[in-house]
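K.L.:
Attaching a predicted model along with its sequence, questions to come.
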Amino acid sequence: MRSQSGKVTVKYLGYLSDIYGRQVEVEVDGPRALRDIVKIPDGIDPEELIYLINGKPAKLDDKVKPGDVIAVMPHISGGLI
């Protein structure tokens, strides 16, 4: 039987990259919930961040498997109208 362990790449964008670095490799042993893999700064509501798995929108309960690429970013706002 083939092993289901491997690495997931987590890319942090915006101010999150200042805290955790731009890219982190996380070893996983089979599918795991996104919430178990990403880091969230203290005082930040996890629901206020944007998550992508392999470039597609994701939620914290979605499953991540070895080889997946996760992006975590804050909402972007600004500019004058």
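P.N.:
Arrived safely.
K.L.:
Tell me which stretches of this structure form helices.
P.N.:
15-20 (DSSP state H).
K.L.:
Low-confidence regions, the protein specifically.
P.N.:
Within the chain, the ranges that satisfy pLDDT under 70 run 1-3, 77-81.
K.L.:
mind listing the strands for it?
P.N.:
For the chain, applying DSSP state E gives strands covering 5-12, 23-29, 32-33, 49-53, 56-58, 63-64, 69-74.
K.L.:
Now do the second one against strand 69-74, angle only.
P.N.:
It stands for strand 23-29. Per axes from the mean of the first three to the mean of the last three C-alpha atoms, to 10 degrees, the angle that strand 23-29 makes with strand 69-74 is 130 degrees.
K.L.:
Contacts for strand 23-29 next, please.
P.N.:
Strand 23-29 is contacted by residues 4-12, 37, 64-66 when judged by C-beta atoms under 8 Å, 6 or more residues apart in numbering. C-beta coordinates here come from the backbone N, C-alpha and C atoms, glycine included.
K.L.:
do the last one as well
P.N.:
With contacts defined as C-beta under 8 Å, 6+ apart, strand 69-74 is touched by 8-16, 34, 37-38, 48-55, 58, 64.
K.L.:
Report the buried members of those.
P.N.:
8, 10-12, 16, 34, 37-38, 49, 51, 53, 58, 64 (16 or more other C-beta atoms under 10 Å).
K.L.:
Let's have those residues in CSV, adding distance to residue 73.
P.N.:
Output for the buried ones among the contacts of strand 69-74, formatted as CSV (distance: C-beta to C-beta, whole Å):
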residue, distance to residue 73
8, 17
10, 11
11, 9
12, 8
16, 7
34, 14
37, 15
38, 11
49, 7
51, 8
53, 13
58, 12
64, 16
